[in-house]
Each structure stands twice: as C-alpha cells, then as structure tokens.
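K.L.:
how would this look folded up:
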Amino acid sequence: MSLDQFEDERDAAIHKVRKRVIETIGRNMDLYGISQSTGHLYGLLFFADKPMTLDEMGREMKMSKTSMSTGVRTLLDLKMVNKVWEKGSRKDLYEVEYDWYQTFTDFFDIKWRKSVESNIQILSKSIDEMGRLLAAYEHDPEFTELLRKDIAKLHEAVAYYGWLDRLIDTFESGEIFKLVPKEPPTPHS
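P.N.:
Sure, this is the predicted structure:
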C-alpha cells in the first residue's frame with residue numbers, strides 16, 4: 001500500500017466516525033429545541049482543529065452563509081459556541097464551547113429561568129384572582145369549594161416552580177456538581 005493510499009484510507013476512516021457523531025449530535029439537539037442543521041454545525045465546530053469563519057462553515061456544510069449565520073447566532077445565544085479573535089483576521093471566528101457541563105447548565109439556566117419566572121407570575125396572578133372570586137362568592141359553598149381546590153393546585157404549582165428556581169440556582173452557582181459530580185475524562189487508548 002502506498003503512502004497516499006494509506007493516508008486516503010486513514011482520512012476516510014476518521015471522516016466516517018466524525019460524520020456519525022455529527023449526525024447523532026444533530027438528531028439529539030431537538031432535545032434543546034435546536035434544529036438538526038444547527039446541531040450538525042455544532043458537531044462540525046466540535047471537531048474543527050481551529051476556529052472557523054461563516055464562509056468556512058458554509059463550504060464544509062454546503063449551506064448558505066445566511067443559514068450558517070442563523071445557526072451560529074442560535075449557538076452563541078445558548079453559549080454553545082464562542083466568538084474568538086485571531087491576530088491578523090478581520091472575519092469573525094467561532095469555536096465550540098468544549099465544556100459540555102457548562103453548556104448544559106448555561107442552556108437550562110437560560111431556558112428554564114424564563115419559563116419559571118413567567119409561570120410564577122401567571123400562577124400568582126391567578127391565585128389573586130381566585131382569592132377575589134372566593135371573597136365575592138363566599139355564600140356559594142359549592143363554588144367556593146371548587147375555588148379552594150383550584151387555589152390549592154396553583155399553590156402546589158408555585159411550590160414546584162420555586163423548587164425549579166432553586167435547582168437553576170444550583171446550576172448557576174456550580175453547586176449541582178457537588179450533588180452530581182462531573183465524570184472524569186477517560187484516558188485515551
């Protein structure tokens with residue numbers, strides 16, 4: 001076997017393995033509400049040896065610069081990629097955030113915090129409204145019993161979102177890793 005054949009075979013083998021991982025990342029990104037193509041972009045950046053420009057990503061993925069820009073913006077907003085500066089380059093460069101633990105906690109901090117705040121606000125407003133209804137219809141035992149049950153359910157929901165808020169706090173502070181330690185990396189074979 002010639003050196004060129006060996007290198008071609010070697011390159012094809014690593015490309016096949018990387019492609020499988022990138023495709024899996026793309027399929028699984030829907031858990032995060034991220035499109036498959038943006039997941040593929042993340043996978044591409046994960047295996048990149050150096051930061052990449054939008055043009056480089058577009059050529060590699062055979063996608064338009066607009067699609068690349070949209071995908072990168074999504075990943076930047078979720079703190080899954082970082083914009084980096086490189087001396088002598090006037091184009092924006094991007095690299096993946098390799099700390100998957102941090103990526104996970106950042107993602108859920110961003111998504112969950114908005115949801116928790118919104119839900120607590122709506123639940124609190126609803127409890128107040130039901131309290132006013134309770135006072136207005138105090139002489140209607142059947143209706144007030146229904147309101148009391150609903151108010152109790154809403155208080156349970158508020159308690160849940162309070163717990164979720166505290167869970168998010170453990171992500172933001174890093175305390176979660178005391179409760180569920182990070183796995184040490186396995187040595188390379």
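K.L.:
average model confidence for the longest helix seen in the chain?
P.N.:
In the chain, assigned by DSSP state H, the helix with the most residues is helix 100-136. Mean per-residue pLDDT for helix 100-136: 91.
K.L.:
Go through that helix and flag the buried ones.
P.N.:
For helix 100-136, the neighbour count (16 or more other CB atoms under 10 Å) marks 103, 105-108, 112-113, 116, 120, 123, 130, 133-134 as buried. Quick note: C-beta positions are derived from backbone N, CA and C, even for glycine.
K.L.:
ditto for stretch 71-84
P.N.:
By neighbour count on 16+ other CB under 10 Å, the buried set for stretch 71-84 is 71-72, 74-75, 78-81.
K.L.:
wait, isn't Leu134 in contact with Ile151?
P.N.:
Yes. If you go by CB atoms under 8 Å, Leu134 and Ile151 touch, sitting 7.3 Å apart.
K.L.:
Ile168: how many residues sit nearby?
P.N.:
Ile168 has 20 neighbours, counted by other CB atoms under 10 Å.
K.L.:
Check the gap between it and His15 for me.
P.N.:
Distance of Ile168 to His15, given as CB to CB, to the nearest Å: 39 Å.
K.L.:
returning to what we had before: out of the buried residues of helix 100-136, which comes closest to Ser2?
P.N.:
Nearest to Ser2 among these is Thr103, at 42.3 Å by CB to CB.
K.L.:
immediately after the lowest-mean-pLDDT helix or strand in the chain, which helix or strand?
P.N.:
Least confident helix or strand of the chain, by mean pLDDT, DSSP states H and E, is helix 3-28 with a mean of 87. Later in the chain than helix 3-28, the nearest helix or strand by DSSP states H and E is helix 36-47.
K.L.:
Which secondary structure element is home to Tyr94?
P.N.:
Remark: Tyr94 resides in strand 93-96, with elements defined by DSSP H and E.
K.L.:
Mind pulling up the pLDDT for Gly88?
P.N.:
Reported pLDDT for Gly88: 80.
K.L.:
what's the spacing between it and Leu54?
P.N.:
Gly88 is 18 Å from Leu54, by CB to CB.
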